[in-house]
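Student: Need a 3D model of the following:
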Amino acid sequence: MPVTTPLHIAVVGGGIGGLAAALATARSGHRVTLVERAGRFGEIGAGLQLAPNASLALDELGVLPAVRHTAVAPPRLVMMDALTGDQVTALDLRGAAYTERFKHPYLVTHRTDLHSALLAACEEHPGVTLRTGHTVTLAEQDGSGVRLHFAGGQRPLSADAAVAADGLHSSLRQALVGDGDPVCSRYVAFRGAIPAARMTGRMSRIAASDAVMVWAGPRMHLVQYPLRRGELYNQVAVFESDHYTPDSDDWGTEAELEERFAGTCQAVRDALPLVSRDRRWPLYDRAPIDSWVHGRIALLGDAAHPMLQYLAQGACQALEDAVALGQALAGASDPADAFAAYADRRRERATRVQTDAHRFGEICHLEGMGATFRNMALSSRGPEDFDDIAWVWTPAPAPVTAL
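Tutor: Numbering: from 1, shown residues only. Just a heads-up that it's a prediction; the model follows:
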């Protein structure tokens, strides 16, 4: 629907969610100014999984071909028992049953590659202005617009509305919702990508399969998959710390990593020395909230629904948010109404994914008889049985707008 008078939308945060929101908003016919607090755009971390709901969102944003250029489409998603080394279950991600049901590919990619594709699309779009080195200190709004103030005496930015895509530690969420600090799960991740050429022996054979491997164990797991056309291999080791305290950073150490994985099968023990130790990543989320929109300011991505990584949906849900936001803004003259429509469409689904990520983490990390029953239950499913995950991988259709 054409926009007679384009709105000016400010987006706070230059990560995956913020760039996607800026791109979607500009593609809907509005003008966007994105502000990022860092001195330059960039993304840290290693690999991420893009289920078909994310591939669909990237397609609708026009960047799927760029992402696919470096991404890998794994043939299978495999769960293994980290203690016994036995396969628990697997899903076929390239067969006819998958393709007919989901249409879009399951991809794995480096975070920097996805971020770069979105950044390039924003840089090329005439409706997007990008600004780095801008830390928001205050957001004011009235019936006519939003005014963002920045640290260091930089000139304030006035816009018709603003989107807070400033992540887990969102300052705008704190100002608007006031729900305190993120909640630590007591789990920590060590993750990173290494050259595939470093894989030898059993590791080389596993890497050559191109599958996404999830080794599930008691209060820990290991995830492995290839990146960047198979040139890199991503590994993420996750475990619950016995030494967590909220007032200390001395927990989830390398020594605990080694101790927790000591009883695993040979394949996992072979992989552990190649897991990056450069940085530990404590895993946080927040309780779901209903209030995503506050007048002319809307929350998006981790600022709205930060979730644990166990369904591999954090970035996927942020991309869904961006597409839904752009669709709500198409033809809109009142940003508050468009934001309300966006939140109404996305809130229930994102909350369910956020909640189920917790539950799947509990299933993945079962011990003893719990793990035995989990393995028995999952081993009965076939490689084309997507019924329990289909709702996650299939976003709600866009609402039909009457002409």
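Student: In stretch 69-88, which of the residues would be classed as buried?
Tutor: For stretch 69-88, the neighbour count (16 or more other C-beta atoms under 10 Å) marks 70-72, 74-83, 88 as buried. Bear in mind the C-beta positions are built from the backbone N, C-alpha and C, glycine included.
Student: What would it look like as CSV? C-alpha coordinates only.
Tutor: What follows is stretch 69-88, C-alpha atoms only, in CSV (Å, rounded to 0.1, in the frame of the first residue of the first chain):
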residue,chain,number,x,y,z
HIS,A,69,26.1,-17.2,-0.7
THR,A,70,28.1,-18.1,2.4
ALA,A,71,25.7,-20.2,4.4
VAL,A,72,25.5,-24.0,4.5
ALA,A,73,22.2,-25.9,4.1
PRO,A,74,22.8,-28.9,6.4
PRO,A,75,21.2,-32.2,5.2
ARG,A,76,20.2,-33.3,8.7
LEU,A,77,19.6,-32.1,12.3
VAL,A,78,20.8,-34.8,14.6
MET,A,79,20.5,-35.4,18.3
MET,A,80,23.1,-37.7,19.9
ASP,A,81,23.5,-39.0,23.4
ALA,A,82,26.6,-37.2,24.7
LEU,A,83,27.4,-40.0,27.2
THR,A,84,26.9,-43.1,25.0
GLY,A,85,27.6,-41.7,21.6
ASP,A,86,24.4,-43.2,20.3
GLN,A,87,22.1,-41.4,17.9
VAL,A,88,18.8,-40.4,19.5
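Student: Please state the offset of it from the chain centre?
Tutor: Distance, stretch centre to chain centre, for stretch 69-88: 19 Å (C-alpha atoms, centre = their mean, to the nearest Å).
Student: end-to-end on stretch 242-252?
Tutor: One end of stretch 242-252 to the other measures 8 Å (C-alpha to C-alpha, to the nearest Å).
Student: do stretch 86-99 as well
Tutor: End-to-end distance for stretch 86-99, by C-alpha to C-alpha: 27 Å.
Student: Out of the buried residues of stretch 69-88, flag the one nearest to V275.
Tutor: A82 (13.3 Å; C-beta to C-beta).
Student: my guess is that closest one meets A216, correct?
Tutor: Yes - between A82 and A216 there is a contact at 5.8 Å, judged by C-beta atoms under 8 Å.
Student: do you know how far the residue nearest to P75 when sequence neighbours are not counted is from R68?
Tutor: Spatial nearest neighbour of P75, excluding adjacent residues (C-beta to C-beta, 6 or more residues apart in numbering): R94 at 5.1 Å. Counting by C-beta to C-beta, to the nearest Å, the gap from R94 to R68 is 14 Å.
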